[in-house]
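Enquirer: pasting the structure only:
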């Protein structure tokens, strides 16, 4: 998915930890962003924000729907570029047609992972299909570490199995959780899973204490380690937790997305659809896209023009980092 903001902010992001145990859950509320066009579908963005730029290597999280495409017009994102990242597409309902400059023509469907690697450069389009009535899902980005930030273009597809939990179910699309491991290749250790929690149930998940974790609530009122999270909010847990406790306080099943990874050790620069390490990286990527360079290839089969890059701001990047992890509050 493209970041279609007309004036995307330039960000320099890095994680920050101080080695102390931190137990309080931080709540991150989303901001609404239109996904382009006069009848723009709106998405709820929880990453990046001033409160938190990264969770592990996860650097971007858009949550959208349930969206009646007859009203919103659905998703129609023209060919656009990416550098230095992987895109993770995960749907709850609907269907999206994906085309990229590798020549991939695939469909994103509920419960199926599509992961695209745009290291040195890739371009793709995303369009909800005519059969879609309600579009609902998440679009996530993963920052590539420095040694792999110019990795070759790639596309992977995986259908995870449903893993029964005591009080719910998990579908592990990246990493390892509840005894299940995804075969999908990533460049840093990652965790990504869709979870359902039964009404009134508590699910306790053993997790890697070296990871930071985020729980994005799609539906339901949920307690994450005794902190209340409302739909569309993201709960953040700093490294040091050996378990994540999730309690569904409602009368219907709750649906969540669990993300995790070790704190990302590098400072990254994000602007529009590009991730680099310096302001100049961004300038070069934008120039290459505007000049139709071979760096990004061509997307065949999309009916329309590609997205032009927004104008760069008349400033260099101002450093921004994650705040220190939340500390345990005194009783």
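Expert: Looks like it came in fine. Here the structure is a predicted model, which means the values were calculated and not measured.
Enquirer: show me where the stretch 201-331 of the chain has helices.
Expert: 279-290 (DSSP state H, counting those that start in this stretch).
Enquirer: in this protein, which ranges drop under the pLDDT threshold?
Expert: 1-23, 35-40, 317-331 (pLDDT under 70).
Enquirer: do that again at 90, thanks
Expert: 1-24, 33-42, 49-51, 70-74, 313-331 (pLDDT under 90).
Enquirer: Find the centremost residue of it, please.
Expert: residue 140 (1.7 Å; CA atoms, centre = their mean).
Enquirer: Quick one: end-to-end length of stretch 162-177, please.
Expert: This stretch, stretch 162-177, spans 12 Å end to end (CA to CA, to the nearest Å).
Enquirer: what do you get for stretch 289-301?
Expert: By CA to CA, one end of stretch 289-301 lies 19 Å from the other end.
Enquirer: circling back to that earlier point, which strand residues bridge the residue nearest to the centre of the chain?
Expert: residue 61, residue 88 (DSSP bridges).
Enquirer: likewise residue 258?
Expert: Beta-bridge partners of residue 258, as defined by DSSP bridges: residue 193, residue 215.
Enquirer: Can you give me every residue that contacts it?
Expert: 177, 191, 192, 193, 194, 195, 205, 213, 214, 215, 216, 244 (CB atoms under 8 Å, 6 or more residues apart in numbering). Yep, even glycine has a C-beta here, placed from its N, CA and C like the rest.
Enquirer: right, and the third one touches residue 259 too?
Expert: Yes - the pair residue 192 / residue 259 is scored as a contact, 5.8 Å apart, by CB atoms under 8 Å.
Enquirer: shared neighbours of the two, which are they?
Expert: residue 140.
Enquirer: rewinding a little: which of the contacts of residue 258 has the largest number of neighbours?
Expert: Scoring the contacts of residue 258 on neighbours with other CB atoms under 10 Å, the highest-scoring entry is residue 192 at 28 neighbours.
Enquirer: wait, what's in contact with that one?
Expert: 88, 90, 140, 172, 173, 174, 175, 182, 257, 258, 259, 260.
Enquirer: Just put those residues in a markdown table and tack on distance to residue 30.
Expert: Output for the contacts of residue 192, formatted as a markdown table (distance: CB to CB, whole Å):
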| residue | distance to residue 30 |
| --- | --- |
| 88 | 18 |
| 90 | 17 |
| 140 | 14 |
| 172 | 24 |
| 173 | 21 |
| 174 | 22 |
| 175 | 24 |
| 182 | 26 |
| 257 | 13 |
| 258 | 17 |
| 259 | 14 |
| 260 | 19 |
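Enquirer: which one of those residues is nearest residue 225?
Expert: Distances from residue 225 to the contacts of residue 192, taken as CB to CB, are shortest for residue 258 (12.7 Å).
Enquirer: Make a PyMOL selection of the buried ones in the contacts of residue 192.
Expert: This is the PyMOL syntax for the buried subset of the contacts of residue 192, where burial follows 16 or more other CB atoms under 10 Å:
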select buried, resi 88+90+140+172+173+174+175+182+257+258+259+260
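Enquirer: Thanks a lot, see you next time.
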